[in-house]
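K.L.:
Need a 3D model of the following:
(chains A, B and C)
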Amino acid sequence: MFTNKVINMLYIVSVDYNDDLNCIVLKLYNSETEKLEYYYDEKFKSHFIADEPMTIKGIVKQEPIAKYNALHDRIDKLVKVSTETPSVIASMNRQMKEDEKKGDNTLRSKVRENHIKFFQSYIYDKNIRIGMPYYRGKEDLLFAVDDMAEKTVAELMKLINPTSADIDVYEDFARLLEYPAPNFKRISLDAEILNENDKQVPDPENANMPILCVCLVSNIGEKFAFVLVQENQAKFDLNINFSKVSFFTDEAEMIRAIFKLVAEYPFIVTFNGDDFDLPYIFNRALRLGIPLADIPISMREKMTFWSGCVHLDLYKFFGIRAMQTYAFAAKYKTIDLDSISRALLGKGKLDVGKWVNTMSYEELVTYCMNDAELTIELTTYNDSLVMNLILVLARLSKMPVDNVSRKSISNWIRSMIYAEHRKRNFLIPRSEEIIELKGKTSTTAKIKGKKYKGAVVVEPVFGIHFKTEVGDFASLYPTIIKNYNLGYATVNCIHESCQDNKFAGLPHWVCKKQRAIESQLIGSLRDLRVFWYKQKGKDKKLDKNKMNWYKVSEQSIKVFCNAAYGVFGDEDFTLYCPPFAEYVTGIGRWIITQTIQKAQELGLEVIYGDTDSIFIKNPPKDKLNELMAWTKKSFDIEFELDKSYRYVCLSKRKKNYIGVLEDGFVDVKGMTGKKKHTPKMFKDAFNTTKELLAQVYTEQDMNIRRNEIRKIVKTTYNTLKKRSWTNIEDLAFHVSLTKNVEEYDTLPQHVKAAKYLIEKGYAVGSGSTIDFIKVRGKKVKPANLTRVDEVDVDKYVDFLKHLFIQMLEPLGIDWDKEILGITQICSY
DNA sequence: GCGGACTGCTTACCT
DNA sequence: ACAGGTAAGCAGTCCGCG
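P.N.:
Next comes the predicted model:
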């Protein structure tokens, strides 16, 4: 596959700065030996850009440098200032902040690119292709060309045929997505600690309680258990398959044995290892007298390292909102091992029915091993989907794998754009310059406190609609960015001659002379997705492995594309550019509004639409095709058939409907019955009605099912009225705390319940989900502390009514007459 | 002192 | 810390009410 088959492929997985050696270290994964190797670069110095020579301490070199300033469309003559260590820049930045506090901005106005991390700067300037194969040359690392992948890239380029100005961008991305990925050797780790009490988790800072058990599972299924002998329990053989179980009477010895084992693996995977397992082991090791030099764990800001390994913390990865919504389609709603495993693997944590303190060895190992297995399986399931996602995201963002898996989407996009700037010798602009030059927005948002107007939501046509087609624009916002050449530099550019180039009735204009970097990057990713990876990810002719890889590529691009517009409307994004973001939604509104108008002119019945989608009732094929051709011609965007519903059930509310696809799958959007805070009792009832709706093909069917749906609601109603529920937990609402209780301005119900829990000694805070029950006297109580007779049944009946009314209304069922009426007759 | 009309806060969802 | 738009429930405030 590779040109030179003898050489070992070295995949660059991470780049870091080593303090002690004062040099850049590259971590290389050798796909033959499955071990990590290192490459040290002592020559590369940290640097920043200045308007004039600087006089701070620690500078080793100052040289003139010319850079293209895209904001002003000119070449700037500047100074590249190299420093002895990156800490010189860090302390300069600290000084800068101090000055600013005193109102002195002289330093800030002189320096640029001083906020870019040293190792990122290295990646950009050396054009390091993270996650791609290299081999060792005489001195340097050399990129390993893969002939097979290059062939596919050529094929793809021929198909998409981009304009000459954009060819390089497309080709670079295609390589990143077509080159092979190694199957990283890896091991997961999970630790169980003796608890002080049953209301709080152990404190890793303190590490005052012994580690009872540590389980590790490798990606090829090797299982290891390290168990501490406890005084009150006899040692005995465990009945656990395929596991190596080792008992220790000395805890320090056990920890050393774990260090020794992990050293064999290039990747270590944890769930919340950054903030719990690894710091606990670290501090426990110190407490037990293991010398610092013998402990491979080290904690840095928001990240815990294991030297000799790359550490991936899946809690951080799955917690990235963009991943949750776009790559995993919001299949998991809360970020914990149990719910993520249940959603993605179909199995969860074990319910042993007791806490670790009272478990037998066998129970303890089984419980702990299960967690370690879930953790590794989250990286191995579906052809190592998650590992491959992380790899592709690292490639696209040009960030180290351990970094990209912890940082949010805005960091990835920023990094991708910065890399392109450095590659082309563009000066990276300062935030203030963009704001100053580009000015403000011109529209008003519907929502108070928002900065500009967003998308259009069409008023739904209430009722049941059979044979409804849903069309949507393929990547609307990325396409707009591509087609209209949008970017921070091109929107409201400095050229007077461009000021007539305006769209969609907005006052902003777009540059006619220069191509926007964002437009090229997002545009090419968009095209690769629409014209290549979408099909390849479904291509049954490919072998399963290859198809899955294409799915990964498709998902990764989707994540980037979906967030690409939003970041420019975020004040904290370094390239924040309000008119750019406003232009995207403005042109979006213009396109969908025109398309709906055209559809109506063609005699099509538009019954709903949101942002980039249009619901059309029973459309003739030829009219639909005409509409598609028209959008392509008018806006150069593909309006595609996305879904065919057997029928949709539209409530009077926006973003709130049920649709049944041809194959019987029931799509539920926005309804209370699917929201995660809804008590289980109501969710169960709601899901049963979903099954009934799946069996409806015609209006006649609907008449039959109407009765059954009525019955389900009635039964739930009766259960409440008679207080005959089996489990009070099924009545609990589950609401998240987004901050710590003392930070709330008002006292919502879940916060009241949380405060009560804290009083009782429970540790709940930001991120915890509070389970509470509505009790009589307009109050709430934590679910685990509520008695059956306290439940405020009327409140629950009210909730039931409002939940089902969203569905009953369009089905033509009247709550008062048909639910209450019948029930009353029945119960007397 | 209590309830209705109102605003604002909070969470969870949709695209 | 990607955006704006929507729904829903409750907290808190103001005002009228002999």
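K.L.:
Okay, and the beta partners of A:V25?
P.N.:
On the basis of DSSP bridges, A:V25 is bridged to A:D16, A:Y40.
K.L.:
cool, the one 10 residues further on as well?
P.N.:
Beta-bridge pairing for A:K35 (DSSP bridges): A:N30.
K.L.:
Could you report the separation of it from A:L28?
P.N.:
9 Å (Cβ to Cβ, to the nearest Å). Every C-beta, even on glycine, is put in place using the N, C-alpha and C of the backbone.
K.L.:
With neighbour numbers in mind, choose between these two.
P.N.:
Neighbour totals were compared for A:K35 and A:L28, and A:L28 leads with 24 against 14 (other Cβ atoms under 10 Å).
K.L.:
what about that one, which SS state?
P.N.:
strand (DSSP: H, G, I helix; E, B strand; the rest coil).
K.L.:
thought it was touching A:N8?
P.N.:
No: with contact defined as Cβ atoms under 8 Å, A:L28 does not count as touching A:N8 (9.5 Å).
K.L.:
Find the closest residue to DNA strand B in the stretch 201-350 of chain A.
P.N.:
Using Cβ to the nearest atom of the strand, the single residue of the stretch 201-350 of chain A nearest to DNA strand B is A:K333, 5.3 Å away.
K.L.:
For that residue, grab phi and psi.
P.N.:
The phi and psi torsions at A:K333 (degrees, to the nearest 10) take the values phi -110, psi -30.
K.L.:
so where's the stretch 601-750 of chain A uncertain?
P.N.:
Scanning the stretch 601-750 of chain A for pLDDT under 70 picks out no residues.
K.L.:
Would you tell me which residues of it are close to DNA strand B?
P.N.:
A:610-613, A:655, A:668-670, A:674-677, A:734-739, A:744-746, A:748, A:750 (Cβ under 7 Å from any atom of the strand).
K.L.:
Chain A now?
P.N.:
Going by Cβ under 7 Å from any atom of the strand, the residues of chain A near DNA strand B are A:325, A:330, A:333, A:448, A:455, A:472, A:610-613, A:655, A:668-670, A:674-677, A:734-739, A:744-746, A:748, A:750-751, A:769.
K.L.:
Among the residues you listed, name the buried ones.
P.N.:
A:333, A:472, A:610-613, A:668, A:677, A:734-735, A:737, A:744, A:750-751, A:769 (16 or more other Cβ atoms under 10 Å).
K.L.:
Take the residues you listed and keep only those in strands.
P.N.:
Within these, residues falling in strands by DSSP state E are A:D472, A:D610, A:S613, A:V668, A:H734, A:V735, A:T769.
K.L.:
ok, the fourth one touching A:N687?
P.N.:
Pointing back at A:V668 there. No: counting by Cβ under 8 Å, A:V668 stays clear of A:N687, with 9.2 Å between them.
K.L.:
So which residue is smack in the middle of chain A?
P.N.:
With distances taken as Cα atoms, centre = their mean, the residue of chain A nearest its centroid is A:M323 (2.1 Å).
K.L.:
Now do the contacts for that one.
P.N.:
By Cβ atoms under 8 Å, 6 or more residues apart in numbering, the contact list for A:M323 reads A:F317, A:L389, A:V559.
K.L.:
Buried among these? Make that a ChimeraX selection.
P.N.:
In ChimeraX, a selection of the buried entries from the contacts of A:M323 looks like this (16+ other Cβ under 10 Å):
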select /A:317,389,559
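K.L.:
Go through the contacts of A:M323 and name the one nearest DNA strand C.
P.N.:
A:V559 (8.9 Å).
K.L.:
Report the buried residues of the helix or strand hosting the closest one.
P.N.:
Applying DSSP states H and E as the criterion places A:V559 in helix A:544-564. Within helix A:544-564, the residues that count as buried by 16+ other Cβ under 10 Å are A:547-564.
K.L.:
pLDDT-wise, which helix or strand of chain A ranks last?
P.N.:
Between all helices and strands in chain A, the lowest mean by mean pLDDT, DSSP states H and E belongs to helix A:822-827, at a mean of 46.
K.L.:
and of the ones in strands among the buried ones among the residues of chain A next to DNA strand B, the nearest to DNA strand C?
P.N.:
A:D610 (7.7 Å).
K.L.:
Next one: A:F318 from DNA strand C, what distance?
P.N.:
A:F318 sits 14 Å away from DNA strand C, going by Cβ to the nearest atom of the strand, to the nearest Å.
K.L.:
residues touching that residue, list them.
P.N.:
A:F318 makes contacts with A:Q324, A:F328, A:Y332, A:I335, A:I340, A:L378, as judged by Cβ under 8 Å, 6+ apart.
K.L.:
Shouldn't it be within a strand?
P.N.:
No: using three-state DSSP, the assignment for A:F318 is helix, not a strand.
K.L.:
which element is the closest residue to A:L650 other than its chain neighbours on?
P.N.:
Setting aside the residues directly before and after it, A:L650 is nearest to A:P460 in space (Cβ to Cβ, 6 or more residues apart in numbering), at 4.2 Å. Under the assignment given by DSSP H and E, A:P460 is not contained in any helix or strand.
K.L.:
A:P460: how many residues sit nearby?
P.N.:
There are 22 residues near A:P460, going by other Cβ under 10 Å.
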